[in-house]
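>>> here's my sequence, what's the structure:
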Amino acid sequence: MGIFHNDQIDRIGISHCENAITKIGLIFREQPIRDYGIDAQIETINPKLHTHQENL
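Numbering: from 1, shown residues only. Reported below is the predicted structural model:
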């Protein structure tokens, strides 16, 4: 198992979340830095203001 197995689980989880978030019309931004913290940010879209808002 070890690190390689954990990396695989991490990638599966991030991919699953990215697909789910994209399907509901939000913006998924993966954090490329490898650590044990935040893996991504999700942004909502306000069509009235044409702006993005980060939700951490």
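
>>> grab the most central residue of this structure for me.
Nearest residue to the geometric centre of the chain (Cα atoms, centre = their mean): Ala40, 3.7 Å.

>>> I'd assumed Cys17 was in contact with it.
Yes - judged on Cβ atoms under 8 Å, Ala40 makes contact with Cys17 at a distance of 6.7 Å. Using the backbone N, CA and C atoms, a C-beta is placed for each residue, glycine as well.

>>> mutual contacts of the two, please.
Shared contacts of Ala40 and Cys17, defined by Cβ atoms under 8 Å, 6 or more residues apart in numbering, comprise Phe28.

>>> mind giving me the packing neighbours of the helix or strand harbouring Asn6?
Per DSSP states H and E: Asn6 is located in helix 2-23. Packing partners of helix 2-23 (3 or more Cβ pairs under 8 Å, 6 or more residues apart in numbering; DSSP states H and E): strand 27-30, strand 40-46.

>>> quick one: those as JSON lines, columns for distance to Gln8 and mean pLDDT too.
Output for these, formatted as JSON lines (distance: least, Cβ to Cβ, whole Å; pLDDT from 0 to 100):
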{"stretch": "strand 27-30", "distance to Gln8": "16", "mean pLDDT": "94"}
{"stretch": "strand 40-46", "distance to Gln8": "17", "mean pLDDT": "88"}
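
>>> reformat those strands as CSV; add distance to Asp7.
CSV is the format used below for these (distance: least, Cβ to Cβ, whole Å):
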stretch, distance to Asp7
strand 27-30, 14
strand 40-46, 16
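
>>> closest one to Arg11 among those?
Nearest to Arg11 among the helices and strands packed on helix 2-23 is strand 27-30 (10.3 Å), distances taken as Cβ to Cβ.

>>> paired strands for the closest one, with orientation please.
Each strand paired with strand 27-30, and its direction, by DSSP bridges: strand 40-46 (antiparallel).

>>> no more questions from me, cheers.
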